[in-house]
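A.B. asks: sequence plus predicted model, see below.
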2 protein chains.
Amino acid sequence: MTAGSPKDRVTIVEIAAAAGVSKSTVSLVLKGSESVRPTTRDRVNAAIRDLGYVYNRGAANLRRAHSNMVGMIIHDLINPFCAELAVGIERSFQAAGYVPFIANTAESPVRQAEVIKLMREQGVAGLIVSAARGTPDDALDGLVAVGVPVVLAMRRLKGRRIPVVGPDNRRGARLAVERLLELGHRRIAFLGGYADSVVRAERLEGFLAALVDAGLDPAGAIHAPTTATREGGAQALEMALAQRNPPTAAVCFNDIVAFGVCLALRRRGIQPGRGFAVIGFDDVQDAMHADPPLTTIAVDVMGLGERAAQSVLRMIETGRNSAEDHIGAVHLAVRESCGGPISERLEKRA
Amino acid sequence: MTAGSPKDRVTIVEIAAAAGVSKSTVSLVLKGSESVRPTTRDRVNAAIRDLGYVYNRGAANLRRAHSNMVGMIIHDLINPFCAELAVGIERSFQAAGYVPFIANTAESPVRQAEVIKLMREQGVAGLIVSAARGTPDDALDGLVAVGVPVVLAMRRLKGRRIPVVGPDNRRGARLAVERLLELGHRRIAFLGGYADSVVRAERLEGFLAALVDAGLDPAGAIHAPTTATREGGAQALEMALAQRNPPTAAVCFNDIVAFGVCLALRRRGIQPGRGFAVIGFDDVQDAMHADPPLTTIAVDVMGLGERAAQSVLRMIETGRNSAEDHIGAVHLAVRESCGGPISERLEKRA
DNA sequence: GCTGATTTTTGGAACGTTCTATGTATGCCC
DNA sequence: GGGCATACATAGAACGTTCCAAAAATCAGC
């Protein structure tokens, strides 16, 4: 009903006609070129406003080396940790003038493959991938082969030289163990997480190394893989407590698992932080609001996201298709779920 | 290192040459046309595989009436409710062969305007907008004027005929009130939510209507607007309890606010569901895991997302730029935060 | 007002598809 | 073997930009 019926979009040729210049000049104005006289620039801009011109990036991308789109493939957008990561990445890309696409794969490698194909078809300039569980190691080879910058977030891909951005999983797990040792715990379990997860492997590695360094027998540590959910956490705790020599504390694969562990403890009448110490990993926003507030390994997710975006942007600009890995710092956020020294509490030694 | 150096992408012309056909034929094969001989089709497909051809949608969109991209503008992707909505929408679009763009505005109308501009430039075929707070009423007029299908999610825009998909806020609030009345409560507060929120206005409306229908004086109901956060919820509760005739129960703007209310109650030594009844709204995934599990108005978010996507898809296909509103059903999910009948508990009448 | 340097502007050929109209085989029937 | 469908295949002009090479306008100096 307003000026300009639907369907016939305004093009630079029409702007050119209206402003009495050539389409080349309009193009220059659009790109903010120095070499167009201010009076002309104003005339063109006025026409752009008057006719309601909308730039057509599809057409532009046809000519240029690469588009201004970048993709983000996230394995589970409903997971608040991933959502924060996505937002951090998006922010950096937006600031740099790129248009980020977010896609969610819901942990499905099949969906992921589809999404990657679509992104290639759109001609993305770069890609950040937080890979779905069970992603085949060659999933990104096609992309990398044609020189599309790719950075992995959180999850490494075996046997490939694709840069990774993620937290220091080993050190985080070590910090957690050291805290529990300080508090006097000697039987510490590692609970939860999918068995095939690279992240879990790294966290477990740090966990075991810390035990060994403390002169404890890592063989005795209980570490049952489960789903990385509240249910999985609850289940892992039950399994751990069913052992003949049950642990008094647990480092959990992540905060969600830790929530499940706390839930199961309470169901058994044990207060997390009093009768059993629990430490999570990630420091999701809910961790501080949980009951009790969760002691956890804090990861600067947004920071990691921004860092990943920076890497991709640098790769796009320099044309290099490699970059350094970035292992983000972590620290222990002490709250109440790991309680005070064990000696202050009722302690039952086996 | 693999066949095909970076930069020179394979085009249908090259496929045509390799398969010994014209580019038109390749195009037909790509679109799965019936009128190409099977043997030819196979030859072309083989060439596509061998040369590692990647379809260029940008180029294709240049010719076609509209692209296969659809946009989703989400006001806060970190909010699990919104994330679920996004995932529901995305799923439907993917299934229909469209490529969904997710963009997060972080409640910034400025960012939202930028994002809308970018989406237009990309030539989206349709758009679902969960508007940022403070979105000017004319924010989508440009889009609508040129005939781009737009559907609003959750938040209505005043004075515009843009279709909306959202839960039945009025009925939800009414259900909550009715439950509390049944349990014997007579002094019920409505807590939290931004003052300028349309959603809050609707929920509040339902809340007040239910009170009136029960013969209670709505003027006595306490309903302080706050931020829709845990902090806001805690604050709202403190304000409510500071009144001279404090409420014994609250309907909260949403679950997040309800979590904050529960937190504040516990800080005061009151057990939610025992000393004070709390009902949330939305039924986010955490609601059932909270302590105590939150009684709340359950909304089928994924369903709403899918519904919104369906509306946009229909608008794209039919070319109509209008659609019915869809008000999703809600129901009361009874858990523990609203407790049993008030008579069973210590009751102090004023 | 001519020359040459400098600043602005411009035509037109890409870019990789789609699509219409027009071809050319192929098969069928008499 | 000529006529006529029918099934396949294809040239070539779009689509809306960018960008190069080159033209046109402007300026400075004399």
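C.D. replies: All right, it came through fine.

A.B. asks: need the contact list for the residue in the stretch 151-300 of chain A that DNA strand D sits nearest to.
C.D. replies: Residue nearest to DNA strand D within the stretch 151-300 of chain A: A:Val151 (25.4 Å; C-beta to the nearest atom of the strand). C-betas here are computed from N, CA, C, even on glycine. For A:Val151, the contacting residues are A:126-129, A:162-165, A:308, A:311-312, A:315, A:323, by C-beta atoms under 8 Å, 6 or more residues apart in numbering or on different chains.

A.B. asks: go again with 6 Å.
C.D. replies: Neighbour list for A:Val151: A:128, A:163, A:165, A:308, A:311-312 [criterion: C-beta atoms under 6 Å, 6 or more residues apart in numbering or on different chains].

A.B. asks: setting aside sequence neighbours, what's the nearest residue to A:Tyr55?
C.D. replies: B:Glu121 (4.8 Å; C-beta to C-beta, 6 or more residues apart in numbering or on different chains).

A.B. asks: related to what we said a few turns ago, what helix or strand does the residue of the stretch 151-300 of chain A closest to DNA strand D sit in?
C.D. replies: A:Val151 belongs to strand A:150-153 when assigned by DSSP states H and E.

A.B. asks: partners of that strand in the sheet?
C.D. replies: Strand A:150-153 sits in its sheet next to strand A:126-129 (parallel), strand A:164-167 (parallel), going by DSSP bridges.

A.B. asks: about what we covered before: the residue of the stretch 151-300 of chain A closest to DNA strand D and A:Gly328, how far apart?
C.D. replies: 13 Å (C-beta to C-beta, to the nearest Å).

A.B. asks: again, but for A:Ala59
C.D. replies: Applying C-beta to C-beta, the value for A:Ala59 to A:Gly328 is 40 Å.

A.B. asks: run through who's touching the helix or strand hosting A:Ala236.
C.D. replies: For A:Ala236, the host element (DSSP H and E) is helix A:230-242. Helix A:230-242 is contacted by residues A:189, A:191-192, A:222, A:224, A:226, A:247, A:257, A:259-261, A:263-264, B:289 when judged by C-beta under 6 Å, 6+ apart.

A.B. asks: which pair of the residues you listed spans the longest distance?
C.D. replies: A:Ile222 and B:His289 (24.1 Å; C-beta to C-beta).

A.B. asks: who's in contact with A:His75?
C.D. replies: A:105, A:107, A:130, A:132.

A.B. asks: which of the residues you listed has the most neighbours?
C.D. replies: Sorting the contacts of A:His75 by how many neighbours each has (other C-beta atoms under 10 Å in any protein chain shown) puts A:Ser130 first, at 29 neighbours.

A.B. asks: which element, helix or strand, includes the spatially most central residue of chain A?
C.D. replies: Note on chain A: the residue nearest the mean C-alpha position is A:Leu85, at 4.0 Å, using C-alpha atoms, centre = their mean. A:Leu85 is located in helix A:80-95, with elements delineated by DSSP H and E.

A.B. asks: one more: A:Ala113?
C.D. replies: Here A:Ala113 is covered by helix A:109-122, with elements defined by DSSP H and E.

A.B. asks: quick one: that helix to helix B:109-122, angle?
C.D. replies: Here the directions of helix A:109-122 and helix B:109-122 differ by 70 degrees (axes from the mean of the first three to the mean of the last three C-alpha atoms, to 10 degrees).

A.B. asks: in PDB, could you pull the C-alpha coordinates for helix A:109-122?
C.D. replies: The C-alpha trace of helix A:109-122 is given here as PDB (Å, rounded to 0.1, in the frame of the first residue of the first chain):
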ATOM      1  CA  PRO A 109      25.900 -35.600  13.100                       C
ATOM      2  CA  VAL A 110      23.400 -36.100  10.300                       C
ATOM      3  CA  ARG A 111      21.800 -32.700  10.900                       C
ATOM      4  CA  GLN A 112      25.300 -31.300  11.300                       C
ATOM      5  CA  ALA A 113      26.300 -32.500   7.900                       C
ATOM      6  CA  GLU A 114      23.200 -31.000   6.300                       C
ATOM      7  CA  VAL A 115      23.800 -27.700   8.000                       C
ATOM      8  CA  ILE A 116      27.400 -27.700   6.900                       C
ATOM      9  CA  LYS A 117      26.300 -28.300   3.300                       C
ATOM     10  CA  LEU A 118      23.800 -25.400   3.500                       C
ATOM     11  CA  MET A 119      26.400 -23.100   4.900                       C
ATOM     12  CA  ARG A 120      28.800 -24.000   2.100                       C
ATOM     13  CA  GLU A 121      26.100 -23.300  -0.400                       C
ATOM     14  CA  GLN A 122      25.400 -19.900   1.100                       C
END
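
A.B. asks: in it, what counts as buried?
C.D. replies: A:109, A:111-113, A:115-116, A:118-122 (16 or more other C-beta atoms under 10 Å in any protein chain shown).

A.B. asks: which of those lies closest to A:Ala210?
C.D. replies: Set against A:Ala210, the nearest of those by C-beta to C-beta is A:Pro109 (32.8 Å).

A.B. asks: please report the distance of the closest one from DNA strand D.
C.D. replies: Here A:Pro109 is placed at a distance of 35 Å from DNA strand D (C-beta to the nearest atom of the strand, to the nearest Å).

A.B. asks: next one: A:Val110
C.D. replies: A:Val110 is 31 Å from DNA strand D, by C-beta to the nearest atom of the strand.

A.B. asks: again with A:Val144
C.D. replies: Applying C-beta to the nearest atom of the strand to A:Val144 and DNA strand D gives a distance of 25 Å.

A.B. asks: can you give the contact residues for whichever helix in chain A runs longest?
C.D. replies: Longest helix in chain A by number of residues, with DSSP state H as the criterion: helix A:301-318. Identification of contacts with helix A:301-318 by C-beta under 6 Å, 6+ apart yields A:84-85, A:88-89, A:92-93, A:96, A:125-126, A:128, A:149, A:151, A:153, A:163, A:165, A:323, A:326, A:328.

A.B. asks: if we can go back for a sec, dump the contacts of A:Val151 into a markdown table; add distance to A:Pro136, neighbour count and pLDDT as well.
C.D. replies: A markdown table is the format used below for the contacts of A:Val151 (distance: C-beta to C-beta, whole Å; neighbours: other C-beta atoms under 10 Å in any protein chain shown; pLDDT from 0 to 100):
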| residue | distance to A:Pro136 | neighbour count | pLDDT |
| --- | --- | --- | --- |
| A:Ile128 | 19 | 28 | 97 |
| A:Pro163 | 19 | 20 | 97 |
| A:Val165 | 21 | 28 | 97 |
| A:Ala308 | 22 | 30 | 97 |
| A:Ser311 | 23 | 26 | 96 |
| A:Val312 | 22 | 30 | 96 |
